[in-house]
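1. predicted model follows, preceded by the sequence.
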Amino acid sequence: MKAVAVLPGNPNSVHLRDIPQPQLADQPHPHVCRIPEGRAVLVKVLQVGVDATDREINEALYGNAPPGGNHLVIGHESFGQVIEVGSKVTELKVGDYVSCTVRRPGGSLFDVIGRNDITSEETYYERGINLCHGYMTEYFVDDAEYMVKVPVQLKHLGVLSEPASVCAKAIEQAYLAQQRLQVWNPKRAFVMGSGQIGLLATMMLRLRGLEVYTLATKPGPHRKSEIAEAYGATYVSMKQTTLHDLAKKVGRPDIIFEATGNAEACFRAMEVLNLNGALVWTSITGGSHKIEIDAAKINLEWVLGNKLLVSSVNGNRHHFELGIQALSHGEMMYPGVTKRILTHPVPGLDNYQEMMRLLVEDKEALKVFVNVA
Ligand SMILES: NC(=O)c1ccc[n+]([C@@H]2O[C@H](COP(=O)([O-])OP(=O)(O)OC[C@H]3O[C@@H](n4cnc5c(N)ncnc54)[C@H](OP(=O)(O)O)[C@@H]3O)[C@@H](O)[C@H]2O)c1
């Protein structure tokens, strides 16, 4: 069957290759974990989303092949349909729609208790990213433990399950950490970034009843500003209004969800957070980026204001479930809005070069995904 893969370490090595079609009895990553007897699920891939991580893997900035080979099948944002289940799978049946989590457990205590998203080991085992093949293929098999059901009514948004899990986890982490305050009832949020992560976070914070300001660079109106506003948020171009001016005008935010991919924005956010507030960092910033900040001022304000910084990456099945619930709730509250994020469908795995071109070159591409079947 067809698969889209890279040769880790070799820039621009994305290619189509032929790999064996998996069987229910296969062990997809025996070097990491084994599927218990009877718990395997075979999935026909319907759609796979791509993001900056796939672009950077193709640029050979990270990613490693599973042991014993030199290629890595890419794709970590999965959506598919169950075509066969093992004898001990009770939670899924043939025909169900599913997404599958990304990380597989290592050996730390966190991995053992099902929290591989916060593993304390340096090495991550992530399907389509590091040491485990991904989903950009026609079929895959994995443990039912890692499959999350997507309601049939939500199948048009199923490919957003993984990005939604990232946002749901990051927001939940902030709320959990803020239990330190005993009473915390945030009213105002700034979401920095209006890519897929910023927009889904905007939706989730609106669903929690917050007044949300979604900040990015380009002045609206355009698709991203329209989506943010259709969720009931206010879109702000930082070319027109600075973070400080916005905070002065509307009040300081109780929560800042940072998702720009820009290291300076991560630190500038610290300058405007409200007393007792929570800043959530989700950006993954490669390379080196030096900036000048008034460290004494920030430190003083943060200590005297009891402020909190939470960082969040990845998500386990609980976060996928939360993300899918939020997508469902969002669809009820803001019908038809979220599908506007899905801007650039690519027909079939054969068009992998077009997929990569859109991801690298097309600045209008909010979400690129491959319609595999
Ligand atoms: N933590 C995790 O598990 C996880 C998972 C997935 C992704 N991520 C990371 O999350 C970040 C966002 O992902 P994405 O896919 O949504 O990215 P994206 O599509 O590239 O969106 C980035 C957004 O940030 C805005 N932006 C860039 N620089 C800015 C600045 N200086 N000030 C204000 N806005 C700025 C852009 O504005 P314009 O729209 O005006 O260009 C755009 O809206 C990335 O760093 C990604 O690697 C993290």
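-> Nice, I can see it. Quantities reported herein were computed from a predicted structural model and do not represent experimental measurements.
2. contacts, neighbours, all on C-alpha from now
-> Fine.
3. list, one by one, the residues from the stretch 101-250 of the chain near the ligand.
-> Taking Cα under 6 Å from any ligand atom as the contact definition, the stretch 101-250 of the chain meets the ligand at Val166, Met192, Gly193, Ser194, Gly195, Gln196, Ile197, Gly198, Leu215, Ala216, Thr217, Lys218.
4. for the last one, what are its contacts?
-> Spelled out, that is Lys218. Lys218 is in contact with Ser237, Met238, Lys239, counting by Cα atoms under 8 Å, 6 or more residues apart in numbering.
5. so among those, which ones count as buried?
-> Neighbour-count burial (16 or more other Cα atoms under 10 Å) applied to those gives Ser237, Met238.
6. from the contacts of Lys218, which ones fall inside strands?
-> Ser237 (DSSP state E).
7. quick check, nearest of the contacts of Lys218 to Ala326?
-> Among these, Ser237 lies closest to Ala326 (Cα to Cα), at 26.0 Å.
8. list the contacts for that closest one?
-> Contact analysis of Ser237 by Cα under 8 Å, 6+ apart lists Leu215, Ala216, Thr217, Lys218, Pro219, Gly220.
9. could you redo the last one with a cut-off of 10 Å?
-> Gly193, Thr214, Leu215, Ala216, Thr217, Lys218, Pro219, Gly220, Pro221, Ser225, Leu243 (Cα atoms under 10 Å, 6 or more residues apart in numbering).
10. re the thing from before, let's have the contacts of Lys218 in CSV, adding pLDDT.
-> Listed next are the contacts of Lys218 as CSV, based on pLDDT from 0 to 100:
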residue, pLDDT
Ser237, 98
Met238, 97
Lys239, 97
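11. okay, domains of the protein per the record?
-> For the chain, automatic domain parsing gives the domain ranges 2-150+343-371, 165-311.
12. now the end-to-end length of the first one.
-> By that I understand domain 2-150+343-371. 13 Å (Cα to Cα, to the nearest Å).
13. likewise for the shortest one?
-> One end of domain 165-311 sits 15 Å from the other (Cα to Cα).
14. for the domains of the chain, give me a markdown table that also has distance to His156.
-> Output for the domains of the chain, formatted as a markdown table (distance: least, Cα to Cα, whole Å):
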| stretch | distance to His156 |
| --- | --- |
| domain 2-150+343-371 | 10 |
| domain 165-311 | 15 |
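15. cool, thanks, talk later.
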